[in-house]
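Q: Sequence unavailable; structure follows:
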């Protein structure tokens, strides 16, 4: 195999690897976002329930494996702080998601550009098979991100 073919394949393989890595990171990030959204909804529901309680209601918060008697205003403040922290984390995760999506789009554009330029067909069939496998994984990762 000539060195020109190696030069043509190595960047393409590297782009495919980046695409797979970014796809995995996006999938993981979407899972984190979904979890944080569920926590946020749960906390909002808890706040709504706690607001309906009379001020003299005995309330408790968990500390490890035990329950600690806590005044109702303190419980409300703690829930609000937790909700604010969760909202901040969601904002940070969404910003990271946008960044990863931009990177993924950039890699996809580079791949399309490299595929549109004529390249010398690789003589080594195993490398071609590896490229095909990586491409298939990337497509699956994209589909998983879309779902």
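A: That came through, no problem. Only a predicted model underlies this, so the values are computations on that prediction, with no experimental measurement involved. Numbers count the residues shown, from 1 in each chain.
Q: May I ask which helix or strand of the chain has the lowest mean pLDDT?
A: One helix or strand of the chain scores below all others by mean pLDDT, DSSP states H and E: helix 125-146, with a mean of 70.
Q: In terms of secondary structure, what does the longest helix anywhere in the chain contact?
A: Scanning the chain for the helix with the most residues, using DSSP state H, yields helix 3-51. In this structure, helix 3-51 packs against helix 72-116, helix 125-146, with contacts taken as 3 or more C-beta pairs under 8 Å, 6 or more residues apart in numbering; DSSP states H and E. C-beta here means a position set from N, CA and C on the backbone, and glycine is covered the same way.
Q: Give me the angle between that helix and helix 72-116.
A: Orientation check (axes from the mean of the first three to the mean of the last three C-alpha atoms, to 10 degrees): helix 3-51 against helix 72-116 gives 160 degrees.
Q: which of the residues in stretch 78-98 are buried?
A: Using 16 or more other C-beta atoms under 10 Å as the test for burial, stretch 78-98 gives 79, 83, 86, 90, 93, 97.
Q: Let me see the contact set for the nearest residue to the third one once chain neighbours are set aside.
A: What that stands for is residue 86. Nearest residue to residue 86 in three dimensions, chain neighbours excluded: residue 40, at 4.9 Å (C-beta to C-beta, 6 or more residues apart in numbering). Neighbouring residues of residue 40 by C-beta atoms under 8 Å, 6 or more residues apart in numbering: 83, 86, 87, 90.
Q: can you tell me how far the most centrally placed residue in the chain sits from residue 35?
A: Central residue of the chain (C-alpha atoms, centre = their mean): residue 29, 1.2 Å from the mean position. Distance, residue 29 to residue 35, by C-beta to C-beta, to the nearest Å: 11 Å.
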